[in-house]
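Chemist: sequence? don't have it. structure:
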């Protein structure tokens with residue numbers, strides 16, 4: 001059914017582009033043979049439940065895969081890759097489906113690894129072998145049983161695979177490093193179906209690249225072995241600064257300056273924290289009673305007195321402790337993580353919910369230099385200009401153990417920054433889309449002027465032509481070599497994948513499109 005030109009040095013995918021017709025290109029017999037070879041199951045257009053199966057977290061982007069393969073074991077993955085190579089179809093791996101640019105899906109083959117989900121803990125060595133499709137909601141609960149921990153994502157439905165391979169920031173990253181920094185080894189299946197054990201001693205190039213080179217690049221991740229750390233009860237804190245008037249906005253700008261200067265690179269090493277500019281309910285969770293605030297959410301591995309002393313400069317900006325210190329408790333990480341992400345003001349008053357039919361876009365910039373309150377005030381004013389009260393600006397503060405790792409120790413480059421500054425823009429109706437996109441574009445200009453030219457690869461946005469240097473910087477050349485070695489035919493290709501050859505536009509090590 002398909003015609004491919006022959007070439008000496010080019011793969012079929014490089015030589016010709018598939019003619020996109022919307023029709024299924026494989027035969028019923030090929031599909032039947034695949035289904036007979038796997039323990040999992042498949043779905044395609046016309047099958048019951050297909051429309052739900054094709055959806056991912058970001059409803060902004062709509063893909064219609066020719067085939068979705070649900071793998072439950074490693075031999076399922078091998079059979080799926082063999083089928084894809086034979087049918088000359090591109091593969092996108094999906095574990096939790098949380099790619100902010102919608103890259104967890106495509107229009108050809110989606111290989112769903114959510115069925116590869118297990119957590120095998122060895123308490124004596126304090127290690128865990130974790131399946132690629134394991135959600136953090138499951139992983140955190142298993143580790144809680146053993147009193148052990150690995151830095152993880154806040155959202156419980158995020159899975160290990162994409163999170164780890166993009167770096168993996170969490171509330172405890174300032175204490176223990178990025179998620180990739182806890183990886184002892186991993187197993188990956190290459191496009192040709194070979195299972196490789198990867199560590200510092202075995203296939204070290206692939207081991208290096210998979211830790212920060214982003215998912216869906218070199219092969220299909222099977223599982224990860226983590227070095228765990230004991231973690232008992234910790235302090236949780238939540239501070240809020242109202243932005244209702246001019247005085248509040250000036251205070252919030254000074255708080256952000258203080259956060260960057262005293263709580264990022266050289267800040268308290270036992271503290272992990274994030275901040276948000278967002279609208280929150282202030283009375284009975286009524287939508288029309290939402291007010292703008294600067295929120296700080298964090299944890300501290302120490303006593304209450306130590307936590308209070310560490311927070312001293314931030315508490316100095318508090319006028320009414322009873323109303324502005326909204327979280328002040330102690331508990332295990334499993335419970336603290338939920339409290340920090342869900343509670344906004346009073347008990348049972350949660351962060352504003354966003355309906356599933358609402359569409360988001362995300363943009364991110366990494367900030368290294370320190371800025372005065374005036375620059376942070378510009379960001380606050382832009383936030384207050386948002387066309388929709390669901391829009392928010394967030395700050396993930398770096399420093400501590402994150403910045404102790406050399407930029408080339410893993411593929412995750414960003415070891416010198418103070419904060420990852422990013423924003424989510426939402427709209428429900430198409431008539432509102434342009435206003436939200438324009439607001440996000442302006443955010444990119446403000447944040448871009450503050451950034452070092454890099455972006456966090458786990459928060460991609462489409463249309464970013466400079467992504468290669470922005471994500472990978474001086475590590476790009478090495479990543480291209482690994483890509484060419486393990487996926488020479490570019491089976492795993494998407495809008496922001498690593499190429500098998502370095503593009504001319506990316507020959508400079510200076511980030512583009514900042």
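Modeler: Received, thanks. These numbers were taken from a predicted model, which means no experiment stands behind them. Numbers count the residues shown, from 1 in each chain.
Chemist: Can you name every helix or strand that the helix or strand where residue 69 lies contacts?
Modeler: Assessed by DSSP states H and E, residue 69 sits inside strand 67-70. Applying 3 or more C-beta pairs under 8 Å, 6 or more residues apart in numbering; DSSP states H and E, we find strand 67-70 packed against strand 41-43, helix 74-87, strand 109-112. C-beta here means a position set from N, CA and C on the backbone, and glycine is covered the same way.
Chemist: Return the most buried member of these.
Modeler: Stretch with highest mean neighbour count among the helices and strands packed on strand 67-70: strand 109-112 (a mean of 25; mean count of other C-beta atoms under 10 Å).
Chemist: chain center to it, what's the gap?
Modeler: Centre-to-centre, strand 109-112 and its host chain are 19 Å apart (C-alpha atoms, centre = their mean, to the nearest Å).
Chemist: Direction included, what does that strand pair against?
Modeler: Taking DSSP bridges as the criterion, strand 109-112 forms sheet pairs with strand 67-70 (parallel), strand 91-94 (parallel).
Chemist: can you pull the contacts of residue 238?
Modeler: 295, 296, 297, 298, 325, 326, 327, 328, 339, 340, 343 (C-beta atoms under 8 Å, 6 or more residues apart in numbering).
Chemist: ditto for residue 24
Modeler: Contacts of residue 24 by C-beta under 8 Å, 6+ apart are 44, 45, 66, 67.
Chemist: Turn these into CSV, columns for neighbour count and pLDDT.
Modeler: CSV is the format used below for these (neighbours: other C-beta atoms under 10 Å; pLDDT from 0 to 100):
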residue, neighbour count, pLDDT
44, 17, 94
45, 15, 93
66, 19, 95
67, 25, 96
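Chemist: any chance of those residues in JSON lines, with distance to residue 116 too?
Modeler: Converted to JSON lines, the contacts of residue 24 look like this (distance: C-beta to C-beta, whole Å):
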{"residue": "44", "distance to residue 116": "21"}
{"residue": "45", "distance to residue 116": "25"}
{"residue": "66", "distance to residue 116": "22"}
{"residue": "67", "distance to residue 116": "18"}
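Chemist: coming back round to it: separate out the buried members of the contacts of residue 238.
Modeler: Among the contacts of residue 238, the ones that count as buried by 16 or more other C-beta atoms under 10 Å are 295, 296, 297, 298, 325, 326, 327, 340, 343.
Chemist: Show me what the longest helix seen in the chain is packed up against.
Modeler: Assignment by DSSP state H gives helix 430-450 as the longest helix of the chain. In terms of contacts (3+ C-beta pairs under 8 Å, 6+ apart), helix 430-450 is packed against strand 359-367, helix 373-384, strand 419-427.
Chemist: So the spatially most central residue of the chain: helix, strand or coil?
Modeler: The chain has residue 458 as the residue nearest its centroid, 3.7 Å off, counting by C-alpha atoms, centre = their mean. Assigned with DSSP: H, G, I helix; E, B strand; the rest coil, residue 458 falls in the coil class.
Chemist: Take the contacts of residue 238 and keep only those in helices.
Modeler: 339, 340.
Chemist: tell me the least confident of the contacts of residue 238?
Modeler: Least confident entry in these, by pLDDT: residue 343, with 49.
Chemist: so where's the stretch 401-514 of the chain shaky on pLDDT?
Modeler: Along the stretch 401-514 of the chain, the model assigns pLDDT under 70 to residues 509-510, 512-514.
Chemist: related to what we said a few turns ago, distance to residue 128 for the buried ones among the contacts of residue 238 - can I get that in CSV?
Modeler: Formatted as CSV, the buried ones among the contacts of residue 238 follow (distance: C-beta to C-beta, whole Å):
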residue, distance to residue 128
295, 32
296, 31
297, 26
298, 25
325, 35
326, 33
327, 29
340, 23
343, 29
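Chemist: quick one on the thing from earlier: which single one of the contacts of residue 238 is nearest to residue 380?
Modeler: The shortest approach to residue 380 among the contacts of residue 238 belongs to residue 295, at 12.8 Å (C-beta to C-beta).
Chemist: Please verify my assumption that the closest one contacts residue 273.
Modeler: No. Residue 295 lies out of contact with residue 273 (C-beta atoms under 8 Å); the separation is 10.5 Å.
Chemist: any idea how far the closest residue to residue 82 other than its chain neighbours lies from residue 263?
Modeler: With C-beta to C-beta, 6 or more residues apart in numbering as the criterion, residue 82 has its nearest non-adjacent residue at 6.0 Å, and that residue is residue 193. Between residue 193 and residue 263 the distance, using C-beta to C-beta, to the nearest Å, works out to 48 Å.
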